[in-house]
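Engineer: My questions concern the predicted model and sequence given below.
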Amino acid sequence: MTEKELRKKAMALPLQPGVYIMKDKNKKIIYIGKAKKLKNRVSSYFGSHTNHSLKVIRMVENADDFDYILCDSEFEALVLECSLIKQHQPKYNILLKDDKGYNYIKITSGDFPRISECKRVDNDSATYIGPYTSGFSVKQAVDETLKIFKLPRCNKKFPRDYNKSRPCLNGFMGLCSAPCAGRITQQEYADNVKDAVSFLKGGSVKAVKEMEEKMYALSENMEYEEAAKLRDRIKSVKNLEEKQKVVAINAPEEDVFALVNSNKKACFEVIRFEYGKLTDSEYWIIDSADDLTRARFELIERYYSMRSRVPARIAVDGEIEDEDLLREFLESIRGKKVEFIHPQKGEHLSIVNMCISNANEHLAQQQGRLGRELAALEELRDILALDKIPEYIESYDISHTFGFDNVAGMVVFHNGRPMKNAYKRFAIKSFDGQNDVGSMSEVITRRLEHYYNDDEGSTFKILPDLILLDGGEPQVNAALPVISSMNLKVPVFGMVKDSKHRTRAIASNGGEIAINSSRKAFTLVSTIQEEVHRFAITYHHNKHKKSTFSTSLTKISGIGDAKAKALLKYFKTISSIKEAEPEELEKVSGISKKNAVDIYNFYHKL
């Protein structure tokens with residue numbers, strides 16, 4: 001069907017709750033949605049695309065037909081939508097891949113057993129504890145156990161490597177009993193592993209109680225050295241519990257959600273608590289969300305359709321579309337009351353912020369940058385009131401010596417890091433002499449002409465999210481008209497230095513914006529300013545060495561580099577020198593009367 005035909009069909013739908021199913025020309029389901037009023041929701045797809053995201057536009061372009069199922073309520077529509085999405089996994093729905101398999105703790109056999117986490121049970125002689133659904137909790141439990149019972153985590157083989165080498169750093173730090181150096185007997189090692197397995201199976205409370213009983217018994221028998229070892233082990237367990245309280249909450253069970261969005265991708269993160277302790281952490285990298293409130297609804301709905309446990313309380317980092325409907329849906333799964341909270345202070349806010357920080361880091365890693373770089377870009381976006389995170393930043397600086405060898409450098413920072421294969425150099429062509437504003441106008445013009453004229457594959461074909469110019473408001477005012485004349489919209493700001501040539505503020509066409517209070521953004525802008533200055537001045541120095549002032553001045557008899565520099569320092573531009581009378585020229589230090597006459601005659605062709 002054409003879009004016009006689809007709209008006509010949609011306009012005939014009833015104003016009732018239901019589920020609609022979009023299909024492509026091969027009758028394959030590409031999108032499933034619910035609606036309180038089917039007619040209004042479905043018809044909104046087939047008309048003006050002004051308010052549609054790119055993803056929705058692509059879905060509509062591929063839609064050839066749609067079916068619908070009427071429901072008695074929006075809640076019934078939500079349950080049906082959830083079931084159908086799980087069954088068909090449509091291309092244009094937000095989907096969470098459930099790759100969470102079972103996890104086990106493995107204890108190898110032999111004289112020196114090893115403890116590790118694994119994903120499957122092999123047909124070997126090892127012992128396995130599990131299965132567990134949470135890989136996070138298994139890894140955490142194994143790490144804690146190895147620390148407490150000082151068991152090795154290296155690749156050495158025992159008994160082959162027993163007592164044959166010096167201990168590694170863990171051995172020196174007391175984190176490992178160092179069987180490689182013979183610091184522990186085989187029997188002592190086996191006892192430690194036995195206690196470690198008991199700890200894994202019974203938990204810290206039971207393990208501490210058993211170790212305390214054993215410690216008192218040893219002490220009474222005056223086996224003080226062995227009792228001291230148990231005392232230290234008990235202390236390690238209790239210290240570990242204290243550290244866990246840093247990421248604990250005053251609630252029996254709670255899930256915490258965060259959704260961090262960038263231009264192209266987003267990260268959906270969940271941290272799960274049981275008995276007040278962090279027990280699991282998961283995240284998914286998905287396509288960028290256009291409507292965060294709707295995305296949170298869909299993501300949380302999808303998440304609990306994959307997980308059996310719905311907690312009593314759910315903390316979220318922002319608003320949720322139709323929150324009451326989602327709560328009703330989750331309560332139907334749980335069979336009990338579910339509470340949504342949006343923390344504004346206290347321990348719950350700190351946990352939400354931790355969840356956001358983790359999502360930032362995972363998104364940053366996926367996009368090839370560190371979390372602090374993403375945070376700096378977000379700060380910069382907020383300070384400059386930009387529409388989106390400036391992932392692709394271009395920066396320009398002009399360099400010359402008293403108007404000689406005018407050049408410009410352009411550097412690119414992609415995702416907060418230098419993208420050196422996109423750096424460009426410009427030799428100023430439109431005039432001689434010192435004119436930074438005119439030079440900036442020329443450079444921006446030439447750069448944007450490349451945007452329109454270059455072939456695909458050129459980095460000039462990438463339009464920047466932000467342009468930063470070395471300089472203040474005059475440079476910004478030189479660039480903005482050029483961009484506007486080419487029918488483009490690119491934010492432009494200047495980078496202002498203080499008297500010590502350090503970044504002080506950002507200049508706009510309406511004044512200055514202080515950034516020194518935003519440490520991450522300030523560091524990023526300072527780095528960009530230093531890099532563009534370095535790149536521009538390096539190009540200028542190289543060009544200057546080659547030219548050695550081979551300008552029109554040095555073509556005049558008796559005028560070398562030193563006198564040319566003196567003239568430009570005095571008059572600022574070649575144009576001013578051309579217009580000067582001999583008497584004015586003589587005022588320049590080092591310029592004789594004959595030099596002045598020769599200069600005048602050269603430019604006036606006498």
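Structural biologist: Arrived safely.

Engineer: CA only for contacts and neighbour counts going forward, please
Structural biologist: OK.

Engineer: any idea which element the most centrally placed residue in the chain lies in?
Structural biologist: The centre of the chain sits closest to Ala364, judged by CA atoms, centre = their mean, with a distance of 2.8 Å. Element membership for Ala364, per DSSP states H and E: helix 346-366.

Engineer: got the CA coordinates for that helix in CSV?
Structural biologist: Extracted C-alpha coordinates of helix 346-366, given in CSV (Å, rounded to 0.1, in the frame of the first residue of the first chain):
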residue,chain,number,x,y,z
GLY,A,346,19.9,10.8,50.1
GLU,A,347,21.2,7.3,49.6
HIS,A,348,18.8,6.5,46.8
LEU,A,349,20.0,9.5,44.8
SER,A,350,23.6,8.4,45.2
ILE,A,351,22.8,4.9,44.0
VAL,A,352,20.9,6.4,40.9
ASN,A,353,24.0,8.6,40.2
MET,A,354,26.2,5.5,40.5
CYS,A,355,24.0,3.8,38.0
ILE,A,356,24.2,6.8,35.6
SER,A,357,27.9,6.9,36.0
ASN,A,358,28.2,3.2,35.1
ALA,A,359,26.0,3.7,32.1
ASN,A,360,28.1,6.6,31.0
GLU,A,361,31.2,4.5,31.3
HIS,A,362,29.7,1.6,29.3
LEU,A,363,28.5,3.9,26.6
ALA,A,364,31.9,5.6,26.5
GLN,A,365,33.7,2.3,26.1
GLN,A,366,31.3,1.3,23.3
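
Engineer: Would you mind identifying the next helix or strand past it?
Structural biologist: According to DSSP H and E, the helix or strand after helix 346-366 is helix 371-384.

Engineer: now what about that following helix, what contacts it?
Structural biologist: 357, 360-365, 387-391, 415-417, 513, 515, 518, 520-521, 524 (CA atoms under 8 Å, 6 or more residues apart in numbering).

Engineer: How much space separates the closest residue to Phe535 other than its chain neighbours from Leu488?
Structural biologist: With CA to CA, 6 or more residues apart in numbering as the criterion, Phe535 has its nearest non-adjacent residue at 5.9 Å, and that residue is Gly409. Going from Gly409 to Leu488 by CA to CA, to the nearest Å gives 22 Å.

Engineer: And those two? Which one has more around it.
Structural biologist: Between Gly409 and Leu488, counted using other CA atoms under 10 Å, Gly409 has the larger neighbour count: 25 against 12.

Engineer: In contact with the more buried one: list those residues for me.
Structural biologist: 396-398, 423-426, 532-533, 535-537, 539.

Engineer: One more pass at 10 Å, please.
Structural biologist: 395-399, 423-427, 443, 531-540 (CA atoms under 10 Å, 6 or more residues apart in numbering).

Engineer: buried residues in the helix holding Ala364?
Structural biologist: Within helix 346-366, the residues that count as buried by 16 or more other CA atoms under 10 Å are 348-349, 351-364.

Engineer: what are the ranges of the helices in the stretch 501-606 of the chain?
Structural biologist: Along the stretch 501-606 of the chain, counting by DSSP state H, counting those that start in this stretch, helices occupy 519-547, 561-571, 574-579, 582-586, 593-604.

Engineer: Let's verify Ser116: helix, strand, or coil?
Structural biologist: Of the three states, Ser116 takes strand under DSSP: H, G, I helix; E, B strand; the rest coil.

Engineer: can you map out the helices along the stretch 201-350 of the chain?
Structural biologist: Remark: helices assigned in the stretch 201-350 of the chain by DSSP H, counting those that start in this stretch are 224-244, 292-306, 323-334, 346-366.

Engineer: so what pLDDT did the closest residue to His533 other than its chain neighbours get?
Structural biologist: What sits nearest to His533 in space, not counting adjacent residues and going by CA to CA, 6+ apart, is Asp397, at 6.0 Å. For Asp397, the pLDDT comes out at 92.

Engineer: the helices in the stretch 351-500 of the chain, which residues?
Structural biologist: Under DSSP H, counting those that start in this stretch, the stretch 351-500 of the chain gives helices at 371-384, 436-453, 473-485.

Engineer: Need the ones you listed in TSV (columns: distance to Lys139, mean pLDDT and mean neighbour count).
Structural biologist: TSV is the format used below for the helices of the stretch 351-500 of the chain (distance: least, CA to CA, whole Å; pLDDT from 0 to 100; neighbours: other CA atoms under 10 Å):
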stretch	distance to Lys139	mean pLDDT	mean neighbour count
helix 371-384	23	85	19
helix 436-453	50	91	18
helix 473-485	53	91	18
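
Engineer: that older thread, ok, the residue nearest to the centre of the chain - contacts?
Structural biologist: Neighbours of Ala364 in contact, by CA under 10 Å, 6+ apart: 262, 265-267, 358, 370-375, 415.

Engineer: likewise Leu330?
Structural biologist: Contacts of Leu330 (CA under 10 Å, 6+ apart): 300-301, 304-305, 310-312, 324, 336-339.

Engineer: and those residues as CSV, adding neighbour count?
Structural biologist: Below are these laid out as CSV (neighbours: other CA atoms under 10 Å):
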residue, neighbour count
Ile300, 18
Glu301, 18
Tyr304, 15
Ser305, 17
Val310, 20
Pro311, 20
Ala312, 18
Asp324, 12
Lys336, 12
Lys337, 13
Val338, 19
Glu339, 14
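
Engineer: Tell me the secondary structure of Val197, please.
Structural biologist: Relying on three-state DSSP, one would call Val197 helix.

Engineer: where's it relative to Leu146, distance?
Structural biologist: 11 Å.

Engineer: Name the residues contacting each of those two.
Structural biologist: Contacts common to Val197 and Leu146, judged by CA under 10 Å, 6+ apart, are Ile115.

Engineer: Phe426 and Met410 touch, don't they?
Structural biologist: Yes: when contacts are counted by CA atoms under 10 Å, Phe426 is listed as touching Met410 (8.0 Å).

Engineer: Give me the more crowded residue out of these two.
Structural biologist: Shown here are Phe426 and Met410; by other CA under 10 Å, Met410 has more neighbours (26 against 19).
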